[in-house]
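1. coords please:
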Amino acid sequence: MKKSGILNRHLAGALAELGHGDGVLICDVGMPIPPGPRVVDLAFRAGVPSFAEVLEGLLDELVVEGATAAEEIREANPEAARLLAGLPGLTHVPHERLKELTASARLVVRTGEARPYANVLLRCGVFF
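-> Numbers count the residues shown, from 1 in each chain. Below is the predicted model of the structure:
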């Protein structure tokens, strides 16, 4: 058994399959999940695991070259907006557009977050 890093076998395996340019959606419990992408649902109960915990864990494992979040996050969820502020290539789009973009994600990671707009679409980069 692994003693560090991501222990969830479904998530660890899905991350290992990602390539350059693939999209990873980290979403709250209210985000509609489109058919198609692989889904790893980590939600245990409201707030567990948090958006912050999942984002931090995934950023430890992934190279990110771009990110997209809902523009509404800035006003409706400033704490989540601060978490995203340092992401490379961060752009903001209307929430409805973000929902459309989720169809292109290769992986969806659902958190237990129950605050509005705690969603981000990450674009994978390469480590070299």
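
2. Could you use CA atoms for every contact and neighbour count after this?
-> Noted.

3. which residues of this structure fall in strands?
-> Applying DSSP state E to the chain gives strands spanning 23-27, 38-41, 64-70, 90-93, 107-110, 120-124.

4. in this structure, which residue is closest to the centre?
-> For the chain, residue 26 is the residue whose C-alpha lies nearest the centre (C-alpha atoms, centre = their mean; 1.9 Å).

5. quick one: contacts for residue 41?
-> Contact partners of residue 41, counting by C-alpha atoms under 8 Å, 6 or more residues apart in numbering, are 108-111.

6. for residue 11, same thing?
-> By C-alpha under 8 Å, 6+ apart, the contact set of residue 11 is residue 40.

7. End to end on stretch 88-106, go ahead and measure it.
-> The first and last residues of stretch 88-106 sit 19 Å apart, counting by C-alpha to C-alpha, to the nearest Å.

8. hmm, back to that, which one (most neighbours) among the contacts of residue 41?
-> Taking other C-alpha atoms under 10 Å as the neighbour criterion, residue 111 ranks highest of these with 29 neighbours.

9. How much space separates residue 86 from residue 15?
-> Distance of residue 86 to residue 15, given as C-alpha to C-alpha: 21 Å.

10. ok, those two, which is more surrounded?
-> Counted by other C-alpha under 10 Å, residue 86 and residue 15 do not tie: residue 15 has more neighbours, with 17 against 9.

11. Measure how far the worst-scoring helix or strand of the chain on mean pLDDT is from the centre of its chain, please.
-> Within the chain, no helix or strand scores below helix 9-16, which has a mean of 93 by mean pLDDT, DSSP states H and E. In terms of C-alpha atoms, centre = their mean, to the nearest Å, the gap separating the centre of helix 9-16 from the centre of its chain is 14 Å.
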